[in-house]
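# Starting from these lines, generate the structure:
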Amino acid sequence: PDDSLEVYRSLETVTERLKGPVDNITTAVFVASNLAELKDFYKLRNYFFDLRHIVILPEKDKKMVAAAHKLRPRFLSYFDNGFNVVSAVLKKMFSPKQTAVANNFENTMSLESAG
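From the prediction side, this is the model:
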């Protein structure tokens, strides 16, 4: 939903947001325009370890793809794919069935961790 969408255009502002309460953040989309910017996201990876996230790269460069996979995204896309692909993935991630599966998995993991 548009009313729950937050957009951050700098690493500093998204870092400040992630330092606050993140219990209402379910998914993040990170867009990197170059390898240096992508590597800057490494600074945030401890904040979004449990956060479902998507990474969008400008091209299918081997170094960038390898660097992006270190962030462990749920989905990796490229500028030339268009944002329709990312939109479809986000819709699927937010579907009631996927949410129920994710919640069930998280509850199972919590019980296994506790016991």
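# helix, strand or coil for Glu59?
Secondary structure assignment for Glu59 (DSSP: H, G, I helix; E, B strand; the rest coil): coil.
# what pairs with the spatially most central residue of the chain across the strands?
The residue lying closest to the centre of the chain (C-alpha atoms, centre = their mean) is His53, at 1.3 Å. Per DSSP bridges, the residues bridged to His53 are Ala28.
# start at 12 instead
Sure, I'll start numbering at 12, so the last one becomes His64.
# Tell me which residues touch it, please.
38-41, 82, 84-85 (C-beta atoms under 8 Å, 6 or more residues apart in numbering). (C-beta placed from N, C-alpha, C; glycine too.)
# Buried among those residues? Make that a ChimeraX selection.
This is the ChimeraX syntax for the buried subset of these, where burial follows 16 or more other C-beta atoms under 10 Å:
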select :39,40,41,82,84
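# Closest one of the contacts of His64 to Glu27?
Ala39 (14.1 Å; C-beta to C-beta).
# who touches the closest one in this structure?
Here Ala39 is in contact with 59, 62-65 (criterion: C-beta under 8 Å, 6+ apart).
# Confidence-wise, which of these comes last?
In terms of pLDDT, Phe59 ranks lowest among the contacts of Ala39, with 73.
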